[in-house]
Each structure stands twice: as structure tokens, then as C-alpha cells.
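> quick one: sequence and predicted model below, then my questions.
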Amino acid sequence: MPNSNEYINDLHYLSGFNLLEKTRQMDSYELAVIHHNMENNNIGMTLMYAFSQVAKEQEVKDYFHKGMELSSKILKESSKMLLDNNISPTITSIGNATNSKESPFSDKLMMYFNYMLTNLMLGANAFAFGFTLRNDLKIKAALTAKDVADYANEGTKIMINHGWMEKPPQVS
């Protein structure tokens, strides 16, 4: 633990794109949001795998498989960011999905659950963007948020097309 306060006195602290200079080490906030992102995507990848193997509609199966691939991509990119900063990208395993093909949930419920998770992930990416000072990490958070938003939008369209999306209460 630090014994005193340190202050940022150089705008270089915000940099991350200068190829001629060494990028500064991640700070604790940046490490925390990346690690949190990795934990979320580890859970998401396993959940999407489980949902994809029990969903009844082929479109929904494919959508969950795409979510699994997106989580895997985010995990790989996050791990690389940590390794580039000489930080171990270790996360705890949450276990594996069973090989069951019988779904305890309807496709509608699994899609709604995924809708909630992807929107929580968007909030986490906004948090990461807001608390990250290195501009290269901000750009990576924004690009990840774009991918997650595109995925969430695709899921919303599937839910609407199947008549599974309730209209929220309206302001009168």
C-alpha cells in the first residue's frame, strides 16, 4: 500500500499511442476494470455455450454461439492487454456447462437474460471508459462497447421478431 499521495504532473500519463516512448504501466483502476471485464466475459462465455446447446430455435442457438465467440474475443484481447503490461491474466474458472440438451428455460427467458447481461456489460464498458486515463485503453473499451452494442441490438431484433419483447411502460 502506498504511504503517500502522488500527483500526475505530466500529460504523458494519458498517453498510450506513442510508438517512440514506452507506455506507462496500468494503474490500479485500469487493472480493476479490465479484470472485472474478464470475469464477466468468462461467465458470459460459459453461459452462452450452455444456452446455445439447449435453445430450440436455430436462430437463437446461432445468436448464443455468436455471444460465446464475442466473449472469447474480449477475453483474448483483455489477456493480451494485461500481458503487454507484464500482468498475469489469471481469472478463476467457473466450471463447465453440462452436456444436457434439455433446457430448463424457454428460449424467450434465455434471450431476455442475455439482453440484461449484454446491457450490464455496456454499462461496465462505460465505467471502464470513464475511469481509464490511458487513451489507448479508452479506445479499446470503446471498440469493445461497440461490439457488445451490435450484439445486443441483434438480440433485441430477434426478441422483437419472435414477439418476446415486452413494451416498457410509457410516459403519458
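It's in.
> for the protein, which segments count as helices?
Ranges of helices within the chain are 28-54, 58-84, 107-131, 135-161, based on DSSP state H.
> low-scoring stretches of this protein, by residue?
Applying pLDDT under 70 to the chain flags the ranges 17-21, 94-95.
> make TSV from the helices of the chain and add distance to H12 and mean neighbour count to it.
C-beta: built from backbone N, CA, C; applies to glycine. Shown next, in TSV, are those (distance: least, C-beta to C-beta, whole Å; neighbours: other C-beta atoms under 10 Å):
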stretch	distance to H12	mean neighbour count
helix 28-54	15	19
helix 58-84	18	17
helix 107-131	19	17
helix 135-161	11	17
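> redo these as JSON lines? Include distance to L11.
Below are the helices of the chain laid out as JSON lines (distance: least, C-beta to C-beta, whole Å):
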{"stretch": "helix 28-54", "distance to L11": "17"}
{"stretch": "helix 58-84", "distance to L11": "22"}
{"stretch": "helix 107-131", "distance to L11": "18"}
{"stretch": "helix 135-161", "distance to L11": "10"}
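> closest to N3 out of those helices?
helix 28-54 (15.3 Å; C-beta to C-beta).
> sorry, back to before: so which of the helices of the chain comes closest to L14?
Counting by C-beta to C-beta, L14 lies closest to helix 135-161 out of those; the figure is 5.6 Å.
> contacts only, for L122.
A145, V148, A149, A152 (C-beta atoms under 8 Å, 6 or more residues apart in numbering).
> with adjacent residues omitted, what lies nearest to the third one?
In this structure, A149 finds its nearest non-sequential neighbour in L122, 6.1 Å apart by C-beta to C-beta, 6 or more residues apart in numbering.
> and what of N86?
Q25 (7.9 Å).
> thought N85 was touching the one you found, still the case?
Yes: using C-beta atoms under 8 Å, Q25 makes contact with N85 at a distance of 5.9 Å.
> more neighbours, those two?
N85 (17 against 11; other C-beta atoms under 10 Å).
> for the closest residue in space to that one that isn't next to it in sequence, grab the count of nearby residues.
Nearest residue to N85, sequence neighbours excluded (C-beta to C-beta, 6+ apart): M26, at 5.0 Å. Residues near M26, counting by other C-beta under 10 Å, number 22.
> and M26, how close does it get to L82?
According to C-beta to C-beta, to the nearest Å, M26 and L82 sit 8 Å apart.
> much appreciated, bye for now.
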